[in-house]
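Chemist: I would like to see how this sequence folds:
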Amino acid sequence: MDIIRNIPMMTIILSLFSGSLCFVLKGKAARFYTIFYEVILLVACGFVLWYIVTTGEAVTYSMGEFPAPWGNEIRAGILEALLAVLFMIIMICSVLAGYRYIDTDLDESKVNLYYALLNLMTASLMAILWTNDLFSGYVFLEILTLTSCGSLIVREIGRTTLAAVRYMILNLLGSGLFLLGVTLLYDLTGHLLMVPMQETIAEMAQDPRLFMVLTISTGILTIGLSIKSGLFPFHFWMPDSYGWSTPTSASILSSLVSKAYIVLLIKVFYRAIGISVFERMPIKTILLVLGVIGMVVGSLEAMHANNINRMVAFSSAAQVGYIFMGIGLGGIAGYTAAFFHIMAHAVTKSMLFLTTPRLAEVSDNSLLFKKLQSSALRNKEAGFSFLIAALSMIGIPLFAGFSSKLQFALAGVESGSHVKLIVVILALGASSLLNAIYFIRTLIRIYSDPHQTVHKSNIRTHHSLGYIFPMFILGAMNLFLGLFSWVVIDLIEQGLKMFG
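Modeler: Got it, this is the predicted structure:
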């Protein structure tokens, strides 16, 4: 069906158009329009996923029908469509659950600008998921960086300005390295489309001298995307960027933007370099080591945070380490675990960042732990949402986090290396223990009342359906990923077979 081939492209075009349209709409109208068109995108991506699963065939669209190396190409397989559906659900939930803070945190004249940035961000996310050429990947990588910085700085308080500048500097460095890596690969192969590039690289990799050059080029590209995604030791921008932005921005940046960079990186390994060639490169082992260190260091830093948002932000750095550990393990099991964790972490982290401001507003508008005592008793909906997300992060059975850690353990077993298995088990054990310490400590604090009474004067009744409904959706997705992980894992494995 030709219409199916056009849908991925139309999701990008509609998002770009919507971003432009929101510039001329008023704030409230921009919000309603954004939610409306995002629902349309969700249905469209769901339809693409259904079609690909039913037919078992990936969908390819060549823009302008130009041949390699000049062409731009979009390709949708099961994995891309599945992630697109997930991304749109989280985007909608983030806007619904956080719109009240958008209205209060931003100047009224800039609310429509914020929604315009979100829509351009959506266009970039969709393009990165669908793209099959490195040039388009780079272009939308830059648009995603600029809109992400805009979503931070639009709040206009001193800390967000500083966070946005730091975020911009590090991300531009990452973008520059990615572009340098792409330029070197283009110079070597003469291709920007991923599949023709892979075919050329497969021939070149047989020459040891050319293989070294390919490794250096891929390494530069990998460093660039590792910086942008927050892999240790490049994670230090996360606490301020996530902690001081408006809740919707924190949710989207941590759950979607950082994951989009990793998805693009895996796509480059699989489709442009070729997974058989990449498996021979030392880059894989380096990513495994940095991922494991990031898991532990991020958790240790989260333990010492005195602010709940900073704790959740450092926890994000640890979870990024999990994903890179899966990439470092390699094989179908390693990449399956990495993609499953991308999904589990996206759902869980969005719940946390959308919930913490609800706890703060019944605690004298403070995110400090010492002020959050019994906050979950004063806002029961927020407390319950935080409880579900925290249990998932710890790895309690029934929740997404448990299934994710189980997949990493299985990937360690299937790696065929006793050393890798021991490293994975120790890393999972240490990180899970640290997660349990700081999340259980937080749960005890927000649910305990040392005076055996809840201060009625602090209660603010913001029990809006706009918050409860998206939290229900995200909580249900968390439980689904935990209880029916085999369904998603089967789709990921089918998608990986189409990915190469």
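Chemist: show me what the helix or strand hosting Ala97 is packed against.
Modeler: Element membership for Ala97 (DSSP states H and E) is helix 78-105. If contacts are counted by 3 or more C-beta pairs under 8 Å, 6 or more residues apart in numbering; DSSP states H and E, helix 78-105 sits against helix 2-22, helix 27-55, helix 111-130, helix 247-252, helix 331-361, helix 465-483, helix 485-499. All C-beta spots, glycine's among them, are computed from the backbone N, C-alpha and C.
Chemist: of all the ones you listed, which lies closest to Thr160?
Modeler: Proximity to Thr160, assessed across those by C-beta to C-beta, is greatest for helix 247-252 (9.1 Å).
Chemist: from the rest of the structure, what touches the helix or strand that the closest one is followed by?
Modeler: Tracing the chain C-terminally past helix 247-252 and defining elements by DSSP H and E, one meets helix 258-267 next. Contact with helix 258-267 is made by 83, 87, 124-125, 128-129, 131, 137, 141, 144, 174, 194, 221-222, 225-226, 228-230, 316, 320, 323-324, 327, 335, 338-339, 342, 345-346, 499, as judged by C-beta atoms under 8 Å, 6 or more residues apart in numbering.
Chemist: quick one: Ile89 from Asp105, how far?
Modeler: According to C-beta to C-beta, to the nearest Å, Ile89 and Asp105 sit 23 Å apart.
Chemist: what's the closest non-adjacent residue to Ile223?
Modeler: Leu177 (5.3 Å; C-beta to C-beta, 6 or more residues apart in numbering).
Chemist: same check on Gly274?
Modeler: Spatial nearest neighbour of Gly274, excluding adjacent residues (C-beta to C-beta, 6+ apart): Gln198 at 4.4 Å.
Chemist: so where is this structure shaky, pLDDT-wise?
Modeler: Within the chain, the ranges that satisfy pLDDT under 70 run 1, 64-71, 156-158, 450-463, 500.
Chemist: okay, the helices and strands packed on helix 78-105 in a markdown table with mean neighbour count next?
Modeler: A markdown table is the format used below for these (neighbours: other C-beta atoms under 10 Å):
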| stretch | mean neighbour count |
| --- | --- |
| helix 2-22 | 18 |
| helix 27-55 | 18 |
| helix 111-130 | 26 |
| helix 247-252 | 28 |
| helix 331-361 | 25 |
| helix 465-483 | 18 |
| helix 485-499 | 17 |
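Chemist: among these, single out whichever gets nearest to Leu96.
Modeler: Across the helices and strands packed on helix 78-105, Leu96 has its closest neighbour in helix 465-483 (4.5 Å, C-beta to C-beta).
Chemist: other SSEs contacting the closest one?
Modeler: When contacts are defined as 3+ C-beta pairs under 8 Å, 6+ apart, helix 465-483 packs onto helix 78-105, helix 331-361, helix 380-394, helix 400-414.
Chemist: for that helix, what is the distance to the chain centroid?
Modeler: 17 Å (C-alpha atoms, centre = their mean, to the nearest Å).
Chemist: from here on, count from 42
Modeler: Okay, using 42 as the starting number, the last item reads as helix 506-524.
Chemist: okay, the angle between it and helix 68-96?
Modeler: Helix 506-524 and helix 68-96 are oriented at 20 degrees to each other (axes from the mean of the first three to the mean of the last three C-alpha atoms, to 10 degrees).
Chemist: give me the contact list for helix 506-524.
Modeler: 130-131, 133-135, 137-138, 140-141, 381, 384-385, 388-389, 391-392, 395-396, 399, 422, 426, 429-430, 433, 438-445, 529.
Chemist: quick one: buried residues of stretch 470-486?
Modeler: Along stretch 470-486, the positions that meet the burial threshold by neighbour count (16 or more other C-beta atoms under 10 Å) are Ser472, Ser473, Leu475, Asn476, Ala477, Tyr479, Phe480, Thr483, Leu484, Arg486.
Chemist: now the helices and strands packed on helix 119-146 as JSON lines including distance to Met352?
Modeler: Below are the helices and strands packed on helix 119-146 laid out as JSON lines (distance: least, C-beta to C-beta, whole Å):
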{"stretch": "helix 43-63", "distance to Met352": "33"}
{"stretch": "helix 68-96", "distance to Met352": "29"}
{"stretch": "helix 152-171", "distance to Met352": "25"}
{"stretch": "helix 288-293", "distance to Met352": "13"}
{"stretch": "helix 372-402", "distance to Met352": "9"}
{"stretch": "helix 506-524", "distance to Met352": "19"}
{"stretch": "helix 526-540", "distance to Met352": "26"}
